[in-house]
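Enquirer: Starting from these lines, generate the structure:
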Amino acid sequence: MVNNDFLKKLIILYVEDDEVTREQLGKFLKRLFKTVVLASNGEDGYEKYRQITKQGYTIDLILSDINMPKMNGIEMLEKIREFDSGIPFIFTTARSETEYLLKAIELNVDHYALKPLNMEDTILRIQKVCEKKYYEKIVQKQQNELENYFEAISSVALMYRMDDKGQILYANENFLEILKYNEEEVKELFIEDLLPKDIPEKFINQTWEHIRSDNIWKGDSKYIDKDGNIYYLKITIFKIGDEVEEYLTIGFDHTEDYVKKRDFHKNVMINLKDKNIKISELNKKSQNQAYKIDQLADYMREMQKKVDEEKAKTKVKHQQIEFYEKKLSKIDEKYEGIIKKSEKRFDDFMGAYNNMKSKYDTNINKILSLEKELELNRKLVQKREQKINDIKIELDKRESQLRKIDPRLIYK
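Expert: Coordinates of the predicted model:
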């Protein structure tokens, strides 16, 4: 379904060398989108892209023909990709231009619309591509915010991440500093290595059962450093990730508070009022911190859910690309088959032609040879006829002489 409100926010660059098509479709697009910039070829499209971006505007999508003068669509896209690797791009293409499609896939083209265009399908494609880019920006912004929150908390809190077996995968500087391990050493440890031996195994198992059920665990826990010293942390543990189960712990050191609390119990009768006030303040701070951590955990889970949704959408896109690649492969195979048949027919034709030409050349040579022989025979006949005439003349002369001598000799 076309979302007109969303389309009215978009800036489109439409590149088409056919003037009639460009003007007609341009008028149609201008009724739907906020701004539609028209370009007559790839070179013109690239120049207008640079002008618009230099002015501080963002082009949301480029709709372009492939086969154009001066600079074709592929060449234009290659130059634009030098400045923007992610701008959505849709090619309008004829079936005869399949030789460009593999290069277009390498340049991360979002869709190929076959001419003549189905306008309803093309508009929905533009909307879908731009919505995907829009939501990707939102997710990226949220991920950046989440990373900022994470860094802010990491700067004041103790944090570590462990897998489902309890092996430590990561620990921040605060956690490493207080327990006196370096980054490589802590990755060789399991959570049980960081807990004092006096913590009941039953308590540890209950905690694992709680967090493996996607529940958040909050409370106080004891840790033992590399030198055997005890530290008390107020911690929150929650599950992160769906495909691989990992658990993040965020804690705040309150060893000093714990010691004070223990001393308080020893001196409770001396200064009950002052100690109660301090405990109340500390509890209030701890509750505020725990509340903030709960909010962060919920936010992180929500962000993880959105990230997983985008991963699923990306997977669908990859499947679509694979489909088009297979389809393109079949077209190429069919095209190669036609080429091979045409080449065979051409080879057969050339074979027949060369055979006929050879026979023709042979006959021409025979004719030329016969013409030469005929000419020689003609000259020979002429010579013989001349000789016969000469003989006749000589005979007539001799007969005349004989008549004068004795006419009777002629008739003997």
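
Enquirer: domain parsing for the protein?
Expert: 4-135, 144-294 (automatic domain parsing).

Enquirer: highest average neighbour count across the ones you listed?
Expert: domain 4-135 (a mean of 17; mean count of other Cβ atoms under 10 Å). Quick note: C-beta positions are derived from backbone N, CA and C, even for glycine.

Enquirer: what mean pLDDT does it have?
Expert: For domain 4-135, mean pLDDT rounds to 86.

Enquirer: With stretch 192-200 instead?
Expert: Mean pLDDT, computed over stretch 192-200, is 88.

Enquirer: Give me the distance between residue 166 and residue 357.
Expert: To residue 357, residue 166 is 87 Å away according to Cβ to Cβ, to the nearest Å.

Enquirer: before we move on, back to that, export the domains of the chain to TSV and tack on distance to residue 396?
Expert: As requested, the domains of the chain are exported to TSV (distance: least, Cβ to Cβ, whole Å):
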stretch	distance to residue 396
domain 4-135	89
domain 144-294	128
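
Enquirer: between those, which one is nearest to residue 399?
Expert: Closest to residue 399 of the domains of the chain, according to Cβ to Cβ: domain 4-135, at 93.4 Å.

Enquirer: Span of that closest one from start to end?
Expert: Start-to-end span of domain 4-135 (Cα to Cα, to the nearest Å) is 17 Å.

Enquirer: how far does that domain sit from the chain's center?
Expert: Remark: domain 4-135 is offset 17 Å from the chain centroid, using Cα atoms, centre = their mean, to the nearest Å.

Enquirer: what does stretch 310-330 give?
Expert: For stretch 310-330, the distance to the chain centre is 10 Å (Cα atoms, centre = their mean).

Enquirer: Please name the bridge partners of residue 219.
Expert: residue 235 (DSSP bridges).

Enquirer: and residue 248, helix, strand or coil?
Expert: Counting by DSSP: H, G, I helix; E, B strand; the rest coil, the backbone at residue 248 sits in strand.

Enquirer: which residues sit in contact with it?
Expert: Residue 248 sits next to 159, 160, 161, 237, 238, 240 when contact means Cβ atoms under 8 Å, 6 or more residues apart in numbering.

Enquirer: ok, these vs residue 134, which is closest?
Expert: Taking the contacts of residue 248 together and measuring to residue 134 by Cβ to Cβ, the closest member is residue 240, at 26.5 Å.

Enquirer: For residue 305, see how far away that closest one is.
Expert: Residue 240 is 11 Å from residue 305, by Cβ to Cβ.

Enquirer: For stretch 36-50, which outside residues touch it?
Expert: 11-17, 19, 22-23, 26, 29-30, 52, 59, 62, 64, 68-73, 75-76, 79-80, 83.

Enquirer: redo that, cut-off 7 Å
Expert: Stretch 36-50 has contacts (Cβ atoms under 7 Å, 6 or more residues apart in numbering) with 12-15, 17, 22, 26, 29-30, 52, 59, 64, 68-73, 75-76, 79-80.

Enquirer: out of the contacts of residue 248, which one sits closest to residue 90?
Expert: Nearest member of the contacts of residue 248 to residue 90, counting by Cβ to Cβ, is residue 240, at 37.2 Å.

Enquirer: So what pairs up with that closest one in the strands?
Expert: Beta-bridge partners of residue 240, as defined by DSSP bridges: residue 246.

Enquirer: Who are the contact partners of it?
Expert: With Cβ under 7 Å, 6+ apart, residue 240 has these contacts: 246, 247, 248, 300, 304.

Enquirer: Give me the local confidence score for the fourth one.
Expert: It refers to residue 300. pLDDT, read off for residue 300, is 70.

Enquirer: Please name whichever of the domains of the chain is nearest to residue 336.
Expert: domain 4-135 (11.3 Å).

Enquirer: among the contacts of stretch 36-50, which are in strands?
Expert: Among the contacts of stretch 36-50, the members falling in strands (DSSP state E) are 12, 13, 14, 15, 64.

Enquirer: May I see the residues you listed organised as TSV, with distance to residue 138 added?
Expert: TSV is the format used below for the ones in strands among the contacts of stretch 36-50 (distance: Cβ to Cβ, whole Å):
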residue	distance to residue 138
12	21
13	23
14	26
15	28
64	27
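
Enquirer: Which ones among the contacts of residue 248 map onto strands?
Expert: Per DSSP E, those map to strands at 159, 160, 161, 237, 238, 240.

Enquirer: Can I get these in TSV including distance to residue 400 and pLDDT?
Expert: Converted to TSV, the ones in strands among the contacts of residue 248 look like this (distance: Cβ to Cβ, whole Å; pLDDT from 0 to 100):
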residue	distance to residue 400	pLDDT
159	149	86
160	149	88
161	144	88
237	153	90
238	150	85
240	143	82
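
Enquirer: Ramachandran angles for residue 216?
Expert: With angles defined as degrees, to the nearest 10, residue 216 sits at phi -90, psi 130.

Enquirer: now it, nearest residue through space, not along the chain?
Expert: In space, and not counting its chain neighbours, residue 216 is closest to residue 238: 4.5 Å by Cβ to Cβ, 6 or more residues apart in numbering.

Enquirer: residues touching the one you found, list them.
Expert: 211, 216, 247, 248, 297.

Enquirer: got the contact list for the third one?
Expert: Yep, that's residue 247 we're talking about. 161, 162, 211, 237, 238, 239, 240.

Enquirer: wait, which of those is closest to residue 140?
Expert: Distances from residue 140 to those, taken by Cβ to Cβ, are shortest for residue 240, at 18.9 Å.

Enquirer: what's the spacing between that closest one and residue 11?
Expert: 38 Å.

Enquirer: try residue 359
Expert: From residue 359 to residue 11 the distance is 69 Å (Cβ to Cβ).

Enquirer: Ok, residue 22 next?
Expert: In terms of Cβ to Cβ, residue 22 sits 17 Å off from residue 11.

Enquirer: same check, this time on residue 192
Expert: Between residue 192 and residue 11 the computed distance is 58 Å (Cβ to Cβ).
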